[in-house]
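J.: What follows is a predicted structure for the sequence shown.
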Amino acid sequence: MLDIPQQTPLDPFATAFNGSALDFNIQPYDIYLGYEKQEHSYEGVKDIIKTAYNKDCDDKKGIAKFNSDGEILDWWVVGKDYYHKTHREFFHPIWEQIVDKFNPDDVVDVKINIKSARNGRWGLMDMVFPNIGVPITTTNGHKTTISLRIVAWSGLDGSAANNYMLGAIDGFCTNGQIFTSAVDRDEAITKLYRRNSKLFDMKQFAFTLTNAAETFYNKSKEYQLMATKSLGWSDGSKFIDNIVNLSDSKKKGLKELLRLELVTRGHNVFALHSALTNYSSHNDQLNMDGDVLFRTKKSKYEDMHHKKMFSREEEVLSIIESNQWQELLVAA
């Protein structure tokens with residue numbers, strides 16, 4: 001009988017990251033100031049003299065992006081003390097902490113989505129854990145399951161610091177949300193922000209995810225609270241009208257989503273929450289007339305879709321973190 005070796009399970013991180021738009025090498029380089037420009041006037045004629053010299057720039061350095069053949073694909077300038085790293089050097093330690101500290105059964109079937117923008121300078125890792133979930137039942141008997149979600153993102157060019165947030169994803173409609181604090185305002189870490197400086201400690205940053213599953217289960221109580229708190233069309237529509245820094249067109253679109261969610265999930269705060277996360281999770285939604293509900297601004301970069309959609313999530317987070325939302329949960 002042949003002794004057939006067991007196959008090693010695929011590494012979800014390697015499967016998602018290897019060969020992705022974030023899988024590239026970088027190299028720092030010194031910046032030299034090449035010319036000093038001097039202006040002179042002679043008989044009414046302005047003359048510009050350029051004096052060549054090599055001088056190291058004291059407060060800046062350059063970062064070059066390479067492909068596998070060593071060819072430079074992109075470059076940018078950052079501060080001298082900027083903690084330069086590849087995306088792999090940022091995301092892989094986070095994944096290692098999850099594998100090391102989480103229950104092995106919880107990591108099984110994890111789904112990892114790698115997203116990029118700004119020609120790969122901005123990157124995000126979106127992880128969903130289907131085995132860390134909580135069932136939710138709303139006032140009209142609608143059932144769904146929310147699962148733990150961890151989102152980590154960073155920028156290599158100073159466009160973003162080092163961040164992660166815990167969150168949840170709705171199994172019924174795949175609406176995603178990055179977490180806010182629960183009503184009791186406990187001290188659990190649901191989000192972390194660290195600047196890219198010479199003092200940045202990647203290992204400590206990743207280690208803070210150790211209790212993510214426990215934190216998720218505690219925070220999930222807020223979802224069931226939303227599912228049982230009564231909220232009708234009038235109060236939900238009024239809430240949307242009172243959201244600050246939101247355009248009239250977005251308010252109109254959110255009201256159309258709310259109307260649909262009230263039918264699906266019943267007259268409760270969870271329906272309003274789903275309308276907000278629908279807006280932040282799905283692009284190109286259409287109304288009954290076939291018109292686009294929410295339009296995104298154009299950018300000089302062609303690959304900004306993921307960044308723009310995540311900006312919507314941050315926009316919704318600011319709403320969920322507002323006193324207006326907390327008052328809604330208490331009063332509803």
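T.: On my side now, so go ahead. Numbering: from 1, shown residues only.
J.: so how far does stretch 261-279 reach from one end to the other?
T.: The straight-line separation of the ends of stretch 261-279 (Cα to Cα, to the nearest Å) is 12 Å.
J.: Please apply the same query to stretch 132-144.
T.: Counting by Cα to Cα, the terminal residues of stretch 132-144 are separated by 14 Å.
J.: distance between stretch 67-78 and the chain's centre?
T.: Relative to the centre of its chain, stretch 67-78 is centred 25 Å away, using Cα atoms, centre = their mean, to the nearest Å.
J.: If you could redo that for stretch 264-271, that was the one I meant.
T.: Counting by Cα atoms, centre = their mean, stretch 264-271 comes out at 26 Å from the chain centroid.
J.: how about it: buried residues?
T.: 265, 266, 267, 268, 269, 270, 271 (16 or more other Cβ atoms under 10 Å). Using the backbone N, CA and C atoms, a C-beta is placed for each residue, glycine as well.
J.: got a list of what the residue lying closest to the fourth one once chain neighbours are set aside touches?
T.: Leaving out its chain neighbours, the residue that sits closest to residue 268 by Cβ to Cβ, 6 or more residues apart in numbering is residue 139, at 4.8 Å. Under the criterion of Cβ atoms under 8 Å, 6 or more residues apart in numbering, the contact partners of residue 139 comprise 227, 228, 230, 266, 267, 268.
J.: for the chain, what spans make up the helices?
T.: 12-17, 87-101, 104-107, 202-207, 212-219, 221-228, 233-241, 248-265, 269-281, 305-320, 323-331 (DSSP state H).
J.: Quickly list the domain ranges of the chain.
T.: 25-36+52-85, 88-219, 225-331 (automatic domain parsing).
J.: Please state the offset of the last one from the chain centre?
T.: The gap between the average C-alpha position of domain 225-331 and the chain average comes to 17 Å, counting by Cα atoms, centre = their mean.
J.: now do the second one
T.: How far domain 88-219 lies from its chain's middle: 9 Å, per Cα atoms, centre = their mean.
J.: repeat for the first one
T.: From the chain centre to the centre of domain 25-36+52-85 is a distance of 27 Å (Cα atoms, centre = their mean).
J.: Give me the distance between the two termini of that domain.
T.: 9 Å.
J.: So which bits of stretch 92-111 are buried?
T.: 92, 93, 94, 95, 97, 98, 102, 106, 107, 110.
J.: Now tabulate those in a markdown table and tack on pLDDT.
T.: Converted to a markdown table, the buried residues of stretch 92-111 look like this (pLDDT from 0 to 100):
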| residue | pLDDT |
| --- | --- |
| 92 | 95 |
| 93 | 92 |
| 94 | 93 |
| 95 | 95 |
| 97 | 91 |
| 98 | 92 |
| 102 | 91 |
| 106 | 93 |
| 107 | 93 |
| 110 | 95 |
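J.: picking that back up, between the domains of the chain, which gets nearest to residue 12?
T.: Across these, residue 12 has its closest neighbour in domain 88-219 (5.1 Å, Cβ to Cβ).
J.: end to end, how far does that closest one reach?
T.: 30 Å.
J.: which residues of the stretch 51-200 of the chain score low on pLDDT?
T.: The model of the stretch 51-200 of the chain has pLDDT under 70 over residues 51-55, 174-193, 199.
J.: one more time with 80, if that's ok
T.: 51-57, 172-200 (pLDDT under 80).
J.: Now do the strands in it.
T.: Using DSSP state E, counting those that start in this stretch, the strands found in the stretch 51-200 of the chain span residues 60-66, 72-79, 111-117, 122-137, 143-155, 162-170, 176-178, 191-194.
J.: Ok, which of those strands comes nearest residue 204?
T.: strand 191-194 (8.9 Å).
J.: Check what pLDDT residue 13 gets.
T.: Listed pLDDT for residue 13 reads 96.
J.: gap between it and residue 83?
T.: Using Cβ to Cβ, to the nearest Å, residue 13 is found at 21 Å from residue 83.
J.: what's the spacing between the residue lying closest to residue 72 once chain neighbours are set aside and residue 78?
T.: Once flanking residues are discounted, residue 72 sits nearest to residue 64: 5.1 Å by Cβ to Cβ, 6+ apart. Distance from residue 64 to residue 78, counting by Cβ to Cβ: 12 Å.
J.: the more surrounded of these two?
T.: Set residue 64 next to residue 78 and count neighbours by other Cβ atoms under 10 Å: residue 78 wins out with 18 against 14.
J.: was I right about that one contacting residue 60?
T.: Yes - taking contacts as Cβ atoms under 8 Å, residue 78 lies within contact range of residue 60: 7.2 Å.
J.: Would you confirm that residue 227 contacts residue 273?
T.: No - applying Cβ under 8 Å as the test, residue 227 and residue 273 come out as separate, 9.0 Å apart.
J.: Cool, thanks, signing off.
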